[in-house]
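> Please find the sequence and the predicted model below.
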Amino acid sequence: MRSMETLPPLVEEAMKKAAVAWLSVSGPPYAVWCLWVDGALYVVSGPGEQPAPGLASATSAVVTARGDHGGRIVSWPAAVSRLAPGTEEWAAVAPQLAGKRLNAPGTAEETVERWAAECVVSRLAPSGQPAEADGSLPDGSLAAPPPLTTATRLPRRPFRLHRVRRR
């Protein structure tokens, strides 16, 4: 595990309070629920859990955290590794993650067993100085346009309380 003294203080404070973080692996960022434990961020993905495209096979990612005001306050590079079921680290972290999992089907113990059989628990450890923080954050919006889709819906017909006479 990484020493707490080497973590940038902004990363440590932002991630302690984070329930959600944005990950960028090899495409657009996506939100994940997460848990910060002993200087690393833990994320569960797989069947029955949140999708995390590319995280299961990634070796690095960029993590973005938001502040109390709802905006981004720090983005930092992370080294990604997987927790192996049955290890000491798994025994320490997986029950904490299961306790934080909202609306989990079954008990925390059953959830941990299901994760061991079907899911991936990823550990994202800071691997360098924050890419963006404080003064280096962009001023403008970085909102992406919605992706193109072929989905359409029929427009609603106007509501008429009474008949309208035609002249």
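That came in fine, so what should we check first? All figures in this text were calculated on a predicted structure; none of them were measured in a lab.

> Show the low-confidence segments of the chain, by residue range.
1-6, 70, 131-139, 142 (pLDDT under 70).

> phi, psi of the nearest residue to residue 130 once chain neighbours are set aside?
By the measure of CB to CB, 6 or more residues apart in numbering, the closest residue to residue 130 outside its immediate chain neighbours is residue 76, 4.4 Å from it. Quick note: C-beta positions are derived from backbone N, CA and C, even for glycine. Dihedral pair for residue 76: phi -140, psi 150, per degrees, to the nearest 10.

> what's around residue 76, how many residues?
By other CB atoms under 10 Å, 25 other residues sit near residue 76.

> my guess is it meets residue 62, correct?
Yes. Counting by CB atoms under 8 Å, residue 62 is a contact partner of residue 76 at 7.2 Å.

> So which residue is smack in the middle of this protein?
In the chain, the residue lying closest to the centroid (CA atoms, centre = their mean) is residue 32, at 2.0 Å.

> can you confirm that one is in a helix?
No. Counting by DSSP: H, G, I helix; E, B strand; the rest coil, residue 32 is not part of a helix but strand.

> got a list of what it touches?
20-23, 43, 45, 50, 52 (CB atoms under 8 Å, 6 or more residues apart in numbering).

> what's the closest non-adjacent residue to it?
That would be residue 43: by CB to CB, 6+ apart, it lies 5.1 Å from residue 32.

> Figure out the helix or strand that that neighbour lives in.
In the assignment (DSSP states H and E), residue 43 maps to strand 40-45.

> can you list contacts of the longest helix seen in the chain?
In the chain, assigned by DSSP state H, the helix with the most residues is helix 88-100. Applying CB under 8 Å, 6+ apart, the contact partners of helix 88-100 are 1, 33, 35, 37, 42, 44, 83-85, 104, 108-109, 111-112, 115-116, 121, 123.
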